[in-house]
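Undergrad: sequence and predicted model, in that order:
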Amino acid sequence: GQCPVTHHCAGMKRLWKHIAECKDKKCLVPLCVSSRYILSHYHRCKDVRCRVCGPVREAIHRSNEKLKHIQVMQQQNIQTLKQGHEQDLKKNNATPTPALDPSAQEAHLQITTLAQAPVSAASALAQQPPQPQQHQLLIQSQPQPQLQ
């Protein structure tokens with residue numbers, strides 16, 4: 001299938017694979033030299049206000065925050081289901097079923113949570129507006145290195 005995030009995905013994967021192996025300072029593969037230059041800068045840069053690295057670091061931070069939020073919501077849903085199940089057992093004066101091992105219980109609750117959730121985590125992320133092509137922005141904002 002095609003990547004739902006960007007139509008550049010397949011090409012970028014090929015570029016990443018090439019960059020991992022390439023050491024040629026005069027490489028003719030499109031975007032190789034500039035990409036390696038930007039990656040090198042990103043790994044060395046410590047300036048939190050850097051115009052090149054700042055947008056990338058902010059995008060990574062936002063992405064990490066969204067993932068943390070999704071994990072917290074899933075845990076809250078699991079706790080709510082556990083409490084609801086326990087209340088149902090007490091209310092119905094039912095005999096609890098034999099206990100499952102904790103990992104099986106957790107897996108069952110996660111499946112139930114995901115099945116009952118109105119919007120899955122993946123579709124919630126897919127509904128987010130696409131981010132600008134950070135790689136292209138970085139290339140355009142950074143002067144090309146003068147290699148000798």
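TA: Alright, I've got the coordinates. Residues are numbered from 1 along each chain as shown.

Undergrad: next, the buried residues of the longest helix seen in the chain.
TA: The helix that spans the most residues within the chain, counting by DSSP state H, is helix 54-91. Residues of helix 54-91 classed as buried under the neighbour-count rule (16 or more other CB atoms under 10 Å) are Pro55, Val56, Gln74, Asn77, Ile78, Leu81. C-betas here are computed from N, CA, C, even on glycine.

Undergrad: any chance of the residues you listed in TSV, with pLDDT too?
TA: Below are these laid out as TSV (pLDDT from 0 to 100):
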residue	pLDDT
Pro55	91
Val56	89
Gln74	94
Asn77	91
Ile78	91
Leu81	89
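
Undergrad: okay, and Ile19 sits in which element?
TA: Using DSSP states H and E, Ile19 maps to helix 9-21.

Undergrad: that helix packs against which elements?
TA: With contacts taken as 3 or more CB pairs under 8 Å, 6 or more residues apart in numbering; DSSP states H and E, helix 9-21 sits against helix 32-44.

Undergrad: still on that earlier bit, could you export the buried residues of helix 54-91 as CSV, including distance to Cys27?
TA: As requested, these are exported to CSV (distance: CB to CB, whole Å):
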residue, distance to Cys27
Pro55, 26
Val56, 22
Gln74, 44
Asn77, 49
Ile78, 50
Leu81, 54
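
Undergrad: quickly name whichever of the residues you listed is closest to Pro30.
TA: Val56 (20.6 Å; CB to CB).

Undergrad: where does Leu28 land on pLDDT?
TA: pLDDT, Leu28: 96.

Undergrad: what number of residues lie near it?
TA: 7 (other CB atoms under 10 Å).

Undergrad: could you measure it against Ser35, distance?
TA: Applying CB to CB, to the nearest Å, the value for Leu28 to Ser35 is 13 Å.

Undergrad: got it, and Met12?
TA: Met12 is 9 Å from Ser35, by CB to CB.
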